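Undergrad: coords please:
(one chain, ligands or ions: 1)
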Amino acid sequence: MKKIGLTGGIGSGKSTVARMLSDHNIPIIDADRIARSIVEPGTPALAELVDAFGSDILHPDGSLRRAELARRAFATPEATSLLNTITHPRIQAETSRQFAQAEAAGQPRVVYDMPLLIDNGLHTGMDLVIVVHADEDIRIRRLMRHRGLDEADIRRRIASQIDEATRLRAADIILDNNGTEAHLRNQVAKLIGKI
Ligand code: ADP
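TA: Coordinates of the predicted model:
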């Protein structure tokens, strides 16, 4: 089974490409969704996070207050390391389970949709790396318009990720998303026969 990594900086259109690939019946392993699923109410990871960081990290309905967890967990290197000890093994286990499930189902290929694929060095385990690219000013404009984020926040998030030149160097295939969604959809359609 061919493992295809899909990545791109925030606002590049990576999730849009994942949806388009899914429309072509290509199975997607969604890293963001996995990270959320392992801390859902009732999970052992959430219970351990409460023990480590306090019950104030929960909403009244028992779901995770992400911003509050982030505030506490990124306060010191020790707290960050504790967060990672609790979450990383579970994320890895669930990710491996989904790869194994796709393989067992006889899928010829699977796409791993992962924002930090290259930042975390996971691209080296892929057979093919697709990077979605859009210029920074276009990404900022789209995120402000569609996600209601403010410019300073977006710039902070971009600065916390790997730089675009490094990301592009790691790419086997670059999808250009400076144009319309139709332009992007065309490139994805052409890709289907090649991957
Ligand atoms: P990412 O997953 O890389 O952060 P998204 O796919 O969520 O990015 O795209 C960011 C925002 O820009 C979304 O609201 C999306 O609908 C919009 N978008 C993506 N591609 C285009 C495009 N070519 N033209 C206009 N808007 C786009």
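
Undergrad: so what secondary structure elements neighbour the longest helix anywhere in the chain?
TA: Longest helix in the chain, counting residues (DSSP state H): helix 77-104. Helix 77-104 sits against strand 28-30, helix 31-37, helix 44-53, helix 66-73, strand 109-113, with contacts defined as 3 or more CB pairs under 8 Å, 6 or more residues apart in numbering; DSSP states H and E. Backbone N, C-alpha and C define where each C-beta goes, glycine included.

Undergrad: go again using 7 Å as the cut-off
TA: On a contact count with 3 or more CB pairs under 7 Å, 6 or more residues apart in numbering; DSSP states H and E, helix 77-104 meets strand 28-30, helix 31-37, helix 44-53, helix 66-73.

Undergrad: Give me the distance between it and the centre of its chain.
TA: Relative to its chain's centre, helix 77-104 lies at 13 Å (CA atoms, centre = their mean, to the nearest Å).

Undergrad: quick one: that helix to strand 109-113, angle?
TA: 160 degrees (axes from the mean of the first three to the mean of the last three CA atoms, to 10 degrees).

Undergrad: what's the neighbour count on Glu94?
TA: 17 (other CB atoms under 10 Å).

Undergrad: so what's the residue lying closest to it once chain neighbours are set aside scoring on pLDDT?
TA: Using CB to CB, 6 or more residues apart in numbering and skipping the chain neighbours, the partner closest in space to Glu94 is Ile34 (5.0 Å). With respect to pLDDT, Ile34 has a value of 98.

Undergrad: hang on, Lys3 in a helix?
TA: No. Under DSSP: H, G, I helix; E, B strand; the rest coil, Lys3 falls outside any helix and is assigned strand.

Undergrad: Okay, and the beta partners of it?
TA: Val110 (DSSP bridges).

Undergrad: Quick check, pLDDT for it.
TA: 98.

Undergrad: Count the neighbours of it for me.
TA: Lys3: 18 surrounding residues under other CB under 10 Å.

Undergrad: Isn't it up against Val129?
TA: No. The criterion here is CB atoms under 7 Å, and Lys3 misses it with Val129 at 9.8 Å.

Undergrad: Quick check: the residue in the chain sticking out farthest from the centre vs Pro41, distance?
TA: Most distant from the centre of the chain: Pro60, at 27.4 Å, with distances by CA atoms, centre = their mean. For Pro60, the distance to Pro41 (CB to CB, to the nearest Å) stands at 12 Å.

Undergrad: now Ala134
TA: If you go by CB to CB, the gap between Ala134 and Pro41 works out to 36 Å.
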